[in-house]
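Colleague: A predicted structure for the sequence below; I have some questions about it.
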Amino acid sequence: MRTDRAFVWAGLLALVSAGSGSLLAAPDGPLPVRPLRYEIWVELDNAQKMLRGREEITWQNTTRDEVGDIWLHLYWNAFKNEQSAFFREARGQTLARSALPREGEWGWIDISRIALADGRDLKPGMAFATPDGPETEGDQTVLRVPLPEPVPPGGRVALKIEFESKIPRRAARTAYYQDRYFIGQWFPKPGVYEEGKGWNCHAYHENSEFFADYADFLVHITVPQGFVVGASGKLVDAVRDEDRRTETLTYGQTAIHDFAWTADPSFLKVERDFVAADEVTEAEYADLARRLGCSVEDLRLPNVRMILLIAPEHKSQIDRHFRALKAALKYYGLWYGPYPYETITMVDPPFRTGSGGMEYPTLFTAGTSLFPTDRAWSPEGVIVHEFGHGYWYGLVGSNEFEEAWLDEGLNTYSTGKVIAEAYGPGVLSLNLKHLPLDVLFRMPLFLDRELNRAGGLAVVELDPIVTASWRFYSRMSYALNVYQRAATMLETLERLLGEDVMIRVLRAFQMGYRYRHPRSEDFVRTAEQVSGRDLGWFFGQFLYDTLEFDYGVSALHSRELPAADLGVFDRDGRKDEVTPERVKKIKQENKDSAKAYRTEVAVRRFGEAKVGPDFPLTLEVAFEDGSVETRTWDGQSRWQTFRFIKPVKARWARIDPESRWLLDSNLTNNSLRAKPSRAGVWRITGLFLFWVQSALHAAGGLV
Amino acid sequence: MSILRAFQQGLATTRRRSRLILYLWLANLFFGVLVLGPFIYLAGRDFGSSLEGDRLLQGVDFIWLGDVILNQGDALAGLAGWALIPFSLYLVWSIFSSGGILGRIAAEEEKTTLAAFVSDGCQYFFRFFRVPLIAIPVYVIVFGLLYKLLNLPLAAWSRTAGGPWGDFWASTLGVLVFLALFSLVRILFDYARIRLVVDRSRKAFRAVVMTFGFLGGRLVPAWALYLLIAAVSVVVLALFLLVSRLLTGASGAMVLVVWLQVLAAVRQGIRILFLASESHYYKGSQL
């Protein structure tokens, strides 16, 4: 039986207008106009490691501009030769020449035909473009195709494209190994047309992910029989061709902006349902509704079909994978809005394809090992994170090329929240050649936010978080800024605004910009509107600038007040000199009365960044009688001294006692003891000493 | 001579020469403190006067570790450079102490005194110093050539592995091959040192060459003896580490520090056990 195209498209379009519930998966609620519609036929040539395909693209001009050309991503040309922006940047950063693809391992994509629906050939006019500057000269990942006549506002253009691609053996996110495949960014794909600006269509950079317009997809994938296939969207048809020994699987999905698939004969395919009624109690709904100020009905989650493709070697981890996915569906759904698609496909990445830990709409790749540690939350962390990209990248279609923090930062922050809620602190895993050594050692427990802070604050002075991905100082700066520093910034914002307000901010941003392409300014505006606070100072310093934030206590002294001050005083019309002997005498006379101490605490702003006008810092000073005095400091000057007169000395002073400022690059100097305590230092020194002794012992064994 | 008998005699000698453990442990501790000295100063300065210092009692966490990385990164890099000095000195000490240990083992009825240990160390230092110099080309040949050759089929297997298990077994076997070769090289030079002491020889190169002859007919039992002691030491180490996992929180902090030092001392005992057992095996095989 052959798939009836007209029938399937009719079902797809009916769903777009009707909501959900039949042939194809469509998100609930009214959808913005989607500028694109794809129908793709692709066949996997397992012997040659090739894809051969054709696609019909309909693009609608949703702007007020007249558009005279169309720009296409040809991402796989990033793996074609050393002149691609991808390889140039990789070699400049991390990639040794020996790690380049070997003979026959390069990947590429060729367009063999491109024409309008009426048959007019567009191929003669097409040319590669380098929109990211002369440094990407020679790159072939962006193709400009002039149109014979401009597309007017509201008009459409339909393209018919035939393409042939060589699957790269080892590349970023997409590859084959033996007869295992992960296929991403594989089809000719228009950029995003921005009104008044033109096509936003960047080259494939080493430090960057992607950006595309929302579309409805219908994809027919032909593979040799025996392959287990997973893909974005929902399987709507499967047809076997016994003569050719192939199988064609048709997947459809509305309102997504990318489509990926995988094929591997060894996959185990397991399907389960996320049943919201089983996962979320009425009490949980009620509590969250109260915190967010909305009705329980606004929060109700839909059921979702969960599909897992997993390597047989990881069969024992099936429950672990589903538990993590359920936690992600639950908490992302409750906090940020319900997951709107019918299916989610979770892929244990095919062996040696380097495709693990990557997000695609309604499909993501996880990644695990043969012996995962019980409490290391791996693969859980990657499952929650990559599923979470379905929200921050999938549903809110931010530009990963230009503002990667909007998906990676928001999602790293969100991942930490979900893992902390569902699992609690995890341990670092320690492996030697796959063998888990953490059985022997007590590994440190940590929450994601602690690790994010340690990494993210190391690159504060290198780049602003909002920087185009390929323009960061280094790959390290890109990764730590957009993931960890951004997550630390959001964690700090949560502590300043309160957890409930922060959930409201993110929910408003998610629901307000679903199926749209918001910018950083939209997030800032949403945060200000929802919280009712001016946050310009916050984002100005921590999102758009490179300022270090560090406040601390720099001095703490308690001195006994003298019984009398020395010197000459005018008393009763005569000069009265107070000498040291007289002070001693006064002290002796008053020896039974209570002593008094003057405590001085100096606080300093060591960094350039300042707290905002509505967010003063708190200073806490503890005294020997157990009392605690609290003061506030606006933190605008470089330093401030606080004085206390008390009958006892101070024990310690601490600024920001609630640790609201996780962005503070030095939490150690936030407090100061009057008397040092070295117990902790000895403890940790003792531990490190043992490991140094061990290293010495091992080195001695060599001679 | 049976390897079990050599092992038993080695244990008895280690017990009898237990004072050597004290010397070796103290030296190991001294060099460890030397390496960590700057870190101890920095940690004391920063954490000693901060409330964050209390977090150190709970063990490693990423808040205080983050502060160390963020604020002492440059100092830590300097610390790594500084550490090269005590590490180099420790290598010299190891050569010296091998002479001290083997000298005391060979002096069967004599007492174990610091003076005697130092005297033995001095006596054998220069000939023992030549042993690692001779070992360098052996290491190069064994690990630069032989190991790579033996690893070729494993690497080929790993390259074409159909799944993670193939990769796992290939890499595990690779580790075992490495350890096997390493233990063989260690045996060779252990017996060369023993020969230098027992035979009162001054010629290190000749001792190494002669050791090939010695091991030629006794490689299997000599290797088995080495592996037996290695297995015992792995079990002891694992037990110590498992117990140390139980020592948590502030209350267990100092107990853990002491416990780890006991382990450091036991490790020195195992070093003596290796040399003592091998000495007895060597002498027993010469009879």
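Modeller: Sure thing, it's come through. Fair warning: this is a prediction, and the values are worked out from it, not measured in the lab.
Colleague: Export stretch A:272-287 to CSV, keeping only CA atoms.
Modeller: Output of stretch A:272-287 as CSV, limited to C-alpha atoms (Å, rounded to 0.1, in the frame of the first residue of the first chain):
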residue,chain,number,x,y,z
ARG,A,272,4.9,3.9,27.5
ASP,A,273,2.4,6.6,28.4
PHE,A,274,2.9,9.6,30.6
VAL,A,275,-0.5,9.6,32.4
ALA,A,276,-0.8,12.9,34.0
ALA,A,277,-3.4,11.7,36.5
ASP,A,278,-0.9,9.2,37.8
GLU,A,279,2.0,11.6,38.0
VAL,A,280,0.5,14.7,39.4
THR,A,281,-1.7,14.7,42.5
GLU,A,282,-4.6,17.1,43.0
ALA,A,283,-2.7,18.5,46.0
GLU,A,284,0.3,19.3,43.8
TYR,A,285,-2.0,21.1,41.3
ALA,A,286,-3.7,23.0,44.0
ASP,A,287,-0.5,24.1,45.7
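Colleague: ok, the closest residue to A:Trp652 other than its chain neighbours - contacts?
Modeller: The spatially closest residue to A:Trp652, leaving aside those adjacent along the chain, is A:Arg673, at 4.7 Å (C-beta to C-beta, 6 or more residues apart in numbering or on different chains). Quick note: C-beta positions are derived from backbone N, CA and C, even for glycine. Contact analysis of A:Arg673 by C-beta atoms under 8 Å, 6 or more residues apart in numbering or on different chains lists A:556, A:651-652, B:48-51, B:53.
Colleague: Among those, name the buried ones.
Modeller: A:556, A:651-652, B:48-51, B:53 (16 or more other C-beta atoms under 10 Å in any protein chain shown).
Colleague: of those residues, closest to A:Glu206?
Modeller: B:Ser50 (40.6 Å; C-beta to C-beta).
Colleague: Residue of the stretch 401-550 of chain A nearest chain B, please.
Modeller: In the stretch 401-550 of chain A, no residue comes nearer to chain B than A:Ala454, which is 3.1 Å away by C-beta to the nearest C-beta.
Colleague: Kindly report the residues of the stretch 101-250 of chain B close to chain A.
Modeller: Counting by C-beta under 8 Å from any C-beta of the partner chain, the residues of the stretch 101-250 of chain B lying close to chain A are B:131-132, B:135, B:161-165, B:167-168, B:171-172, B:174-175, B:186, B:238, B:241-242, B:244-245, B:248, B:250.
Colleague: helix or strand for the spatially most central residue of chain A, which one?
Modeller: The residue lying closest to the centre of chain A (C-alpha atoms, centre = their mean) is A:Glu408, at 2.1 Å. In this assignment (DSSP states H and E), A:Glu408 forms part of helix A:405-422.
Colleague: Dump that helix to CSV, restricted to CA.
Modeller: The C-alpha trace of helix A:405-422 is given here as CSV (Å, rounded to 0.1, in the frame of the first residue of the first chain):
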residue,chain,number,x,y,z
TRP,A,405,21.7,31.7,26.4
LEU,A,406,18.0,32.0,25.7
ASP,A,407,17.8,28.2,25.2
GLU,A,408,20.9,26.9,26.9
GLY,A,409,20.9,29.2,29.9
LEU,A,410,17.2,29.0,30.5
ASN,A,411,17.3,25.2,30.1
THR,A,412,20.4,24.6,32.2
TYR,A,413,18.6,26.6,35.0
SER,A,414,15.4,24.6,34.4
THR,A,415,17.2,21.3,34.4
GLY,A,416,18.8,22.0,37.7
LYS,A,417,15.4,22.8,39.2
VAL,A,418,13.8,19.6,37.9
ILE,A,419,16.7,17.4,39.0
ALA,A,420,16.8,19.0,42.4
GLU,A,421,13.0,18.6,42.8
ALA,A,422,12.8,15.0,41.4
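Colleague: how about it: buried residues?
Modeller: For helix A:405-422, by 16+ other C-beta under 10 Å, it's A:405-420, A:422.
Colleague: Report whether it contacts chain B.
Modeller: No - residues of helix A:405-422 are not located near chain B by C-beta under 8 Å from any C-beta, the shortest gap being 12.2 Å.
Colleague: what distance separates the next helix or strand after that helix from the centre of its chain?
Modeller: Counting by DSSP H and E, the next helix or strand C-terminal to helix A:405-422 is strand A:426-427. Strand A:426-427 has its average C-alpha position 20 Å from the chain's average C-alpha position, going by C-alpha atoms, centre = their mean, to the nearest Å.
Colleague: Please name the strands paired to the next helix or strand after strand A:426-427 in the sheet, noting orientation.
Modeller: Downstream of strand A:426-427, the next assigned helix or strand under DSSP H and E is strand A:431-432. Strands adjacent to strand A:431-432 in the sheet, as given by DSSP bridges, are strand A:435-436 (antiparallel).
Colleague: what's the partner strand in contact with?
Modeller: Contacts of strand A:435-436 (C-beta under 8 Å, 6+ apart): A:371-373, A:429-430, B:172.
Colleague: mean confidence for the biggest helix by length in chain B?
Modeller: Ranked by number of residues, the top helix in chain B under DSSP state H is helix B:62-106. Regarding helix B:62-106, the rounded mean pLDDT is 93.
Colleague: low pLDDT regions in chain B?
Modeller: B:249-250, B:287 (pLDDT under 70).
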